[in-house]
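Peer 1: got a predicted structure here, sequence first:
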Amino acid sequence: MARAKNPDANMIPVEEARRIVLGHVSPTETREVPTWQAVGLPLAADVSTDIDLAPFAGSAMDGYALHAEDLAAASSEGPVVLDVVGHEAAGHVFEGEVGPGQTVRIMTGAPVPEGLDAVVKYEVVEVLEGDGNEGSRVGFFAAAKPGENIRASGLEARADDVVMGVGEVVTPAGAGLLANAGHALVSVHRAPRVGVISLGTELVDARAVPARGQIRDVNGPALMASAREAGAEPVFYGIAPDDEERIGELVRRAARECDVVVTSGGASAGDYDYVTALIAREGEVLFDRVSIKPGKAVTFGLLGETPFFGLSGNPAGAFVGFELFVRPALRKMVGHTELARPVQEARIAHGVKKRPGRAAYNRARVERIGAEGELEVMQAPTQNSALLVDLHRGNCLVMLAEDAGRVEAGEAVAVLRYDVPEGTVL
Ligand code: AMP
Ligand code: MG
């Protein structure tokens, strides 16, 4: 891509930028993990069951298994009395015949003996003779419906049915379902390795007290945390000063060792901004300006095969750039099909100044208010890109379209919820 004199001449809309990004990333290779370790991850392949689920008709209660028709005449005044001919506990199989007028004492989870079609719970039965087990006689005071208190075999799935499809995210209950279907291991995509680099001569590590003119590197830890939260494996490559050679070394090494490289800073076409030029020279720049505020200086390209994101140095810009471009890319690499955060509509509590131009993603917090629980959103008092506390305490970005002008208090606006996972129904 040729660099225009006015860097903003290359500016493209968010949706187009996201399409370009998603068109250049693909899922990582797959690996087998214990089902419980797959929690939160999408399956890389369909999973089917080798047996019926449940495999046999089992009792849902402690009680007596019987022929429902034997109790047809039972009532509170005239009980039907049956002979207990056997006993069944979970894991035990009663092999005998159960004839008319007979019943089997049964425990929850035990297979219902062949030919019997109802279980009456223990609490509503009266033991007339004996201890309730084999040789006893018990009274029933109400009719039973066929199928009562029996968990049918194959209720959940039949042998060879797909019980969980590719892309479906494993939940704790899902890990149980996978085990039930005969799987101790499942196939998921490897967590992508994300190399994070902070660019700027002014940056020092959190442990240092900045000298005049220096600031602490906040994007490094913030982007590492964002990558981790997105299901990736972040690796910090350090701070590089605004020095072409040092930046080149770190970026090339990260690109060799990682699936994705994310830098922040040095992307705003200032006098010392080398990173986009480096990608243009040694790889391919696919865009270097997006029509958003904050964070318009966002570069996406490829270094060899490795996707590269050069985010704005402003902490808010880096955050928004990660949310809008890096996170969806990482989710696609993990195999997720749901790539967009939930967007909801809320009334804005105050007017917002805006001129048509770039699309705005303003830091804000949405809450439910009043008896009706209406959604109200309040922006951070200032949208200064260096401030972190409002991003930290906030939960959403107010999205105002490129062509939007001033917004009045009480108007409905769309908010992007960055505090809840993609696919959440709000
Ligand atoms: P740049 O994109 O290099 O022009 O940086 C824009 C602004 O963000 C400047 O004020 C930088 O000092 C600041 N900045 C850049 N990188 C970081 C960082 N890692 N942590 C905190 N602030 C940064
Ligand atoms: Mg800089």
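Peer 2: Now that the structure is in, tell me what you want to look at. Ligands and ions are numbered 1, 2, ... in the order given.

Peer 1: alpha carbons only for contacts and neighbour counts from here, please
Peer 2: Fine.

Peer 1: buried sites along the helix or strand where Glu15 lies?
Peer 2: Glu15 is part of helix 14-23, with elements assigned from DSSP states H and E. The neighbour-count check on helix 14-23 (16 or more other C-alpha atoms under 10 Å) flags 14, 17-18, 20-22 as buried.

Peer 1: which parts of the stretch 151-300 of the chain are helices?
Peer 2: Taking DSSP state H, counting those that start in this stretch as the test, the helices found in the stretch 151-300 of the chain are 172-180, 219-229, 244-257, 275-282.

Peer 1: contact residues of this structure facing ligand 2?
Peer 2: 200, 265-266 (C-alpha under 5 Å from the ion).

Peer 1: now render the residues you listed as CSV, adding distance to Glu97, neighbour count and pLDDT.
Peer 2: Output for those, formatted as CSV (distance: C-alpha to C-alpha, whole Å; neighbours: other C-alpha atoms under 10 Å; pLDDT from 0 to 100):
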residue, distance to Glu97, neighbour count, pLDDT
Gly200, 83, 22, 95
Gly265, 79, 25, 96
Gly266, 82, 25, 89
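
Peer 1: so which of the residues you listed sit within strands?
Peer 2: The members of the residues of the chain next to ligand 2 all map outside strands under DSSP state E.

Peer 1: picking up where we left off before, quick one: which two of the buried residues of helix 14-23 are the most distant?
Peer 2: Across these, the two members that end up farthest from each other (C-alpha to C-alpha) are Val14 and Leu22, 12.2 Å apart.

Peer 1: distance of the residue nearest to Ser198 when sequence neighbours are not counted relative to ligand 1?
Peer 2: Among residues not flanking Ser198 along the chain, Ile239 sits closest, at 4.7 Å (C-alpha to C-alpha, 6 or more residues apart in numbering). Summarising the geometry, the distance separating Ile239 from ligand 1, computed by C-alpha to the nearest ligand atom, to the nearest Å, is 8 Å.

Peer 1: so Ile239 touches Leu199, yeah?
Peer 2: Yes - with contact taken as C-alpha atoms under 8 Å, Ile239 and Leu199 are classed as touching, separated by 5.8 Å.

Peer 1: what about these two, which has more around it?
Peer 2: When Ile239 is set against Leu199 and neighbours are counted by other C-alpha atoms under 10 Å, the residue ahead is Leu199, at 29 against 23.

Peer 1: bridged to the more buried one, which residues?
Peer 2: Each beta-bridge partner of Leu199 is listed here, defined by DSSP bridges: Ala240.

Peer 1: just list the residues touching it, thanks.
Peer 2: Contacts for Leu199 (C-alpha atoms under 8 Å, 6 or more residues apart in numbering) come out as 239-242, 247, 263-266, 313.

Peer 1: let's see 7 Å
Peer 2: Shown here is Leu199, whose contacts under the criterion C-alpha atoms under 7 Å, 6 or more residues apart in numbering are 239-242, 263-266.

Peer 1: with that, I have no additional questions.
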